[in-house]
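Participant: Fold the following for me, if possible:
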Amino acid sequence: MKVKIATGRIMKEIDKYCIENLKIPGIVLMENAALKVVKNLELQKYNSFAVICGKGNNGGDGFAVARHLAMFEKNIEVFLIGAEEGMTEDCKANYTILKNMGIKISKIHNLEDANDLRDSIERCSVTVDALFGTGINKNLEGIYDSVISIINENSAYTISIDVPSGFNNDNGKIMGNSVRANKTITFELYKKGFLNYESNKYTGEVIVENIGIPNSAVDRFHENEFILDEAMIKTQLKARDIYGHKGDYGRVLIMAGSKGFTGAAYIASEAAVRSGAGLVTLCCSEDIQPILSTKLTEAMTINFNETRRLSDIIEKCNCIALGPGMGNNEFTLKIVKYALEKADCPIVLDADGINVLKENLQLLKNRKIPVIITPHLGEMSRITGLSVEDIQENRIEVSKNFANEYKVVVILKGYNTVITDGEKIVINPTGNSSMASGGMGDCLTGIITSFIGQGYKIMEAAALAVYIHGLCGDKLAEEMFCVSASSLLASIPYVIKELQLK
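Facilitator: Here you go, the predicted model:
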């Protein structure tokens, strides 16, 4: 099943459509949500729960959760932050049921009242945060700010319903203060703010639960944004034909390397070989060709001075990668111009192939071939003029806007790598900080180029390559403190085969 991403606005529209058009009562959706929360509370492990509720529908979820916990004969201590006035209708319904059951609900109005809350949280094994859900758009102040601090300072284990209170659903910003949850149980779609840097410090483990909203209702408002998962990757990977030969799996050209940077050229070329490209040729500067010819036993090499051979290879190849280790200089710019003009196949621009675009973005306009760029935050900053901080806070929007303007596929590397053609957005969940070392980007470039050469569509190739690259790193990191690009190279064909066999 595809993991879909949503903003608060999209969730609001989906809920409204379900209630007004499909006539699903809001209280039914709330009950389903509560049941899914209870399912994830590890009742066999925990017996005492402090349930902290607000006056909106998130609070209604909390009151319903408390009711089910009471039915399981768990020890519960329930709190309403503020007064009853202003409760949403569904929240009020679940609040009233609890009162009618004789369950005490303590009201917290001020810091003096909050002492009771602190004591309760210290007593209980689990704190359930049902204070605020999606849609929060202003900084929390006063008693709400204090309550969140009390939760963070005293809770042994915190579970947030839908979104940690104080966490902006759309952009991951902290609205003055935010609950730091150990686990967040969210509903129907993965919230966009969860994708931002350091969001996991507030969300903890994120679990997405279905609460009975039909797929047709989700698809009506969903904006083509997904998180990659293993099931998606497996459906895209092609089995090899028993009659296949090297000519069936693509001719790719890697233009990379310079004096002192032979590693980038080697890693990119070897990654293309190990991820299945039929024929791989490296084009590098003449002075490093002998070194790379010795290192690369399955790939061919030529140098930039062999203009006739280079032209012939460009005409015949299925994908070109350009930039790793070439240097940010006039020669690299000249090669980028040449490739964009002569090639009749997709081009993957990486590293210095991106850096030389800083004052030359017009090269991406009016071209005849698909282009993929694979920047990290620093490279994206150079070509857009935006600060690294701005890009980091708005990675999806920046990537999508650039892809739209220049009609390219952008792979913005980093935590939760963004892949977009300007319309569809795919987020990659694999990879880890053990991979933070030189050569990783070159390795990814080789894999992307290989998959395009093998005949995958551009977005498919990008998604497959990024996912598999990260998955290799994840598997190696289980036994290695740091994962080098050369270690990752060795694992590529095994991980691909493992995915096919699952």
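
Participant: contacts for the helix or strand where K334 lies?
Facilitator: Assigned by DSSP states H and E, K334 belongs to helix 330-342. Residues outside helix 330-342 that contact it (C-beta atoms under 8 Å, 6 or more residues apart in numbering) are 255, 304, 311, 314-315, 320, 322-323, 326, 347, 349, 352-353, 355-357, 360, 363, 367, 369, 371. For every residue, glycine as well, the C-beta is placed using N, CA and C.

Participant: Now, the residues you listed that are in helices?
Facilitator: If you go by DSSP state H, the contacts of helix 330-342 have S311, I314, E315, D352, G353, N355 in helices.

Participant: the strands in the stretch 1-150 of the chain, which residues?
Facilitator: Secondary structure of the stretch 1-150 of the chain by DSSP state E, counting those that start in this stretch: the strands cover 3-6, 48-53, 75-81, 105-108, 126-130.

Participant: of the contacts of helix 330-342, buried ones?
Facilitator: With burial judged by 16 or more other C-beta atoms under 10 Å, the buried subset of the contacts of helix 330-342 is 255, 304, 314, 320, 322-323, 326, 347, 349, 352-353, 355-357, 363, 371.

Participant: one step back: off-centre distance for the helix holding K334?
Facilitator: Centre-to-centre, helix 330-342 and its host chain are 32 Å apart (C-alpha atoms, centre = their mean, to the nearest Å).

Participant: Same question for stretch 85-101.
Facilitator: For stretch 85-101, the distance to the chain centre is 37 Å (C-alpha atoms, centre = their mean).

Participant: which residues touch K138?
Facilitator: When contacts are counted by C-beta under 8 Å, 6+ apart, K138 touches M175.

Participant: List the buried residues for the helix holding K334?
Facilitator: T332, L333, I335, V336, Y338, A339, L340.

Participant: so how far is S433 from the second one?
Facilitator: Counting by C-beta to C-beta, to the nearest Å, the gap between L333 and S433 amounts to 33 Å.

Participant: same question, the third one
Facilitator: For I335, the distance to S433 (C-beta to C-beta) stands at 33 Å.

Participant: and if you look at the last one?
Facilitator: The span separating L340 from S433 equals 35 Å under the rule C-beta to C-beta.

Participant: re the thing from before, between the ones in helices among the contacts of helix 330-342, which sits nearest I419?
Facilitator: Distances from I419 to those, taken as C-beta to C-beta, are shortest for G353 (17.9 Å).

Participant: The stretch 401-502 of the chain: helices as residue ranges?
Facilitator: Taking DSSP state H, counting those that start in this stretch, the helices of the stretch 401-502 of the chain run over residues 440-453, 458-477, 485-501.

Participant: Just say which of the ones you listed is most tucked in.
Facilitator: helix 440-453 (a mean of 30; mean count of other C-beta atoms under 10 Å).

Participant: Which strands and helices lie in contact with it?
Facilitator: On a contact count with 3 or more C-beta pairs under 8 Å, 6 or more residues apart in numbering; DSSP states H and E, helix 440-453 meets strand 251-255, helix 262-274, strand 319-322, strand 347-349, helix 458-477, helix 485-501.

Participant: Turn the ones you listed into a markdown table, columns for mean pLDDT and distance to A50.
Facilitator: Listed next are the helices and strands packed on helix 440-453 as a markdown table, based on pLDDT from 0 to 100; distance: least, C-beta to C-beta, whole Å:
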| stretch | mean pLDDT | distance to A50 |
| --- | --- | --- |
| strand 251-255 | 98 | 58 |
| helix 262-274 | 98 | 51 |
| strand 319-322 | 98 | 55 |
| strand 347-349 | 98 | 53 |
| helix 458-477 | 97 | 35 |
| helix 485-501 | 96 | 43 |
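
Participant: for the ones you listed, which one sits closest to V426?
Facilitator: For V426, the closest of the helices and strands packed on helix 440-453 is helix 458-477, at 5.3 Å, according to C-beta to C-beta.

Participant: The closest one to helix 485-501, inter-axis angle?
Facilitator: Per axes from the mean of the first three to the mean of the last three C-alpha atoms, to 10 degrees, the angle that helix 458-477 makes with helix 485-501 is 110 degrees.
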